[in-house]
Each structure stands twice: as C-alpha cells, then as structure tokens.
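Chemist: Dropping the sequence and predicted coords here.
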Amino acid sequence: MFANLYLNTNTMKKSQIILAHIIFAILLTVNSFNASAQSDSVRAFHFGLIYPVSSNGLKAAEISNRFSLHAIAGVSKNEMALAVSGAANIIRENANGAVISGVINLAGNDANGAQIAGFANVIKNEASGAQIAGFMNLSGSAKGVQIAGFTNLAKNDAGGLQISGFLNKSNNAGNQVAGFMNIAKKVKGVQIAGLINIADSSDYPIAILNFVKNGEKSISLTVDETLTGMATFRSGGRVLYGIIGVGYNFRDDGRSVYAAEAGLGAHIPVAGSFRINTEIVNQYLSDFKKGEYSKYNLRILPAYKLGSRFEVFGGPTINYATYTNDKGYNYIDKFIWSKKGSSDFQGVYLGFNAGVQIIL
C-alpha cells in the first residue's frame, strides 16, 4: 500500500516537472519568435502566468504588445490591441483596444477602446471608449461610457455617459445616471438619480432632491380637493425639478390623517412672470390604524411670480386614487371611472391643487 502511494506521489511529481518544462519551453519559443519578428520594444504576443513568469520575462514592463494573455496577471509598457488576464492587467503607459481582466485593469497614462474588469478600471489620465467594471471606474477624464456597479469617478470631465449603481462624480459632465447620487459642476445633458443630484449648472436633473447652484429651490404650502394641506420642498434646474413634502388632512372626521408626497415637475415659461408648472406626484395618506390611501396625480398649475421671491399657483389635476374599503377614505363622490373590489377601491377623477411658494 505504502509502495503504491509512493509510486503515485512520485508519478505526480514527475508529471508536474514535465508540465513545468513544457510551459517553460513554450515561453522560450514565443519569446524567441517575438525577438526575431519584432523589435525589442514591440512584441506580437505576450503569454504568461504572472510577472515575471512570461514570454517577456523581467523586461515585460519595458515592452509593448499587440496581444497579451496571462493566467493571473500581466505587466507591460503598452497594450496595442488585446490584453486578457485572469486577475489583472498592469500597463505602465497606454491601453488601446480591448483590455479584459477578472479583477482590475490599471493604465498609467491613457486608455482608448474598451476596459472590462470584474472589480475596477483605473486610468490615470484620459479614458475614451467604454469602461465597464463590477465595482468602480476611476479616471482622470472620460470621453465615452462608464458603467460601474457602484461608482464612476472622473477627476476632470466626463463628456459621455456615466452609469452606476450608487454614485457618479466628475467635474463637467455629459449625462449621469446613478442609483443614489450624481455630483458634477456643469452638466450638458441629463442627471438621473434615485435620490440626489448636485451640480453648479444642470437644466435637466431628475431626482427627488436637486441641489443646483444656479437652479431654483422653493418651499410651498398647498391644499387640494381632499382638504389635504402640504408643506413641500421643490428643487431643480431651469427646467426640471424634484418634489418632496409632508402634510395633514384637515377633514373633520374625528381622526388624524398624515400625508407625504414625492414626484417630478417641469417649468414651462410663458411670458414674463407667468409660467406653467407641470407635475407628476404620488401622494400617500394614512392614520396608521385604518388602512391606506394612495393618489397619483398629474398637475397643470399656472403660476405667477410676485416679485423675485413669491409665487402663487393653482390649477386642475387628474387623479388616480386607490384606498382600503370602508376605512373612511371616501373623500370624492364623482369619478370619471371607478372600480370597487372586495377589499379596495380604485377611481379616476378631476381635482385641483393650489398654493403659494417662497423661492429660496
């Protein structure tokens, strides 16, 4: 038994030694081919395991390659067409073409083409083309598309499109789409965020909260057809803005019903101090005891500015309401369309919204 185990172990060791010799022979062959076919600074092929176990050996960081393939990680001066590695591509200067790794791509200068990494793409200067990373794209500037699971960070400008699951940040930006927040100075296109947009200049921010330096912020007091009063914060750019508010229903029905609302709006200038604010809002009411009331409404609100700080507005609304049956939320009698189920009620009706706001 022990003799068989010894023989099997010995055989395995011999097999590993033979495999190592084969790999070494392949690397020597490729290196000889590269040396004879190309100059010392540019190679057609670069194969390896991890630096310096590769066809370019210890001089890998001084050599540029047209095609690189590494099981774990490759090091090079420039990549000129395609570089693929299991974990990392480390490029001292420029990356051109496609650079693909399981974990990270690093370029010490510019990148032009596509950089695809399971975790991060890090480009010191300019990245043009497409950067796609599971976690983060970091670059000096970006001209193409940046797509990351968590964040895109451009130290200077990002003139194309940034898409991330959590945060986009750049100096000047083209278009930004983030699950949570976008940060930029001047935005030429659209900012779309799950919660917050921050910018010096952004005409088309789409988020609940928009802190735009040269934009508009206001606090309003409103009332609608259900006698729900709201205190609402509106924030945005020259055109688009976000809406978030809290309130209370003032119907005398012997209970306390609280309200919250969120939505998006657009300023439509007409003439001088007169404009129309168009809004899409979801309003939610509850006494936290007897079910819920939810209303989606489209508001067409003519507005007139009184000086530079005050504005009065009011107009019709189209509403879709749904609420729990027999819980005291039957605020409206006349509906364009309605449907009563076993546990809930749905209906479409016309209403109004009016108020005054202070522009901050």
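Modeler: Now that the structure is in, tell me what you want to look at.

Chemist: list the contacts for V246?
Modeler: Contacts of V246 were listed using C-beta atoms under 8 Å, 6 or more residues apart in numbering, and they are 230-231, 258-261. No exception for glycine: its C-beta is placed from N, CA and C like everyone else's.

Chemist: Which of those residues fall in strands?
Modeler: 230-231, 258-261 (DSSP state E).

Chemist: Quickly name whichever of those is closest to Y51.
Modeler: Checking those against Y51 by C-beta to C-beta gives A260 as the nearest, at 57.2 Å.

Chemist: ok, that closest one to F352 distance?
Modeler: 20 Å (C-beta to C-beta, to the nearest Å).

Chemist: just G159 next, same as before
Modeler: Distance from G159 to F352, by C-beta to C-beta: 44 Å.

Chemist: for G194, same thing?
Modeler: 30 Å.

Chemist: Could you do A266 as well?
Modeler: In terms of C-beta to C-beta, A266 sits 19 Å off from F352.

Chemist: Same question for L264.
Modeler: 20 Å.

Chemist: Looking at these two, which is more packed in?
Modeler: L264 (18 against 14; other C-beta atoms under 10 Å).

Chemist: partners of the more buried one in the sheet?
Modeler: For L264, the beta-bridge assignment (DSSP bridges) gives partners G242, I280.

Chemist: how close does it get to F313?
Modeler: The value you get for L264 to F313, if C-beta to C-beta is used, is 16 Å.

Chemist: and what of L209?
Modeler: According to C-beta to C-beta, L209 and F313 sit 21 Å apart.

Chemist: Filter the contacts of V246 down to the buried ones, ChimeraX style.
Modeler: Buried residues among the contacts of V246 (16 or more other C-beta atoms under 10 Å), as a ChimeraX selection:
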select :230,259,261
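
Chemist: how about the contacts of V246 in a markdown table, adding distance to A60?
Modeler: Output for the contacts of V246, formatted as a markdown table (distance: C-beta to C-beta, whole Å):
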| residue | distance to A60 |
| --- | --- |
| M230 | 65 |
| A231 | 64 |
| Y258 | 66 |
| A259 | 65 |
| A260 | 60 |
| E261 | 60 |
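
Chemist: wouldn't Q146 be in contact with L167 here?
Modeler: No: counting by C-beta atoms under 8 Å, Q146 stays clear of L167, with 11.7 Å between them.

Chemist: Those two: which is more packed in?
Modeler: Ranked by neighbour count (other C-beta under 10 Å), Q146 and L167 place Q146 first, with 30 against 21.
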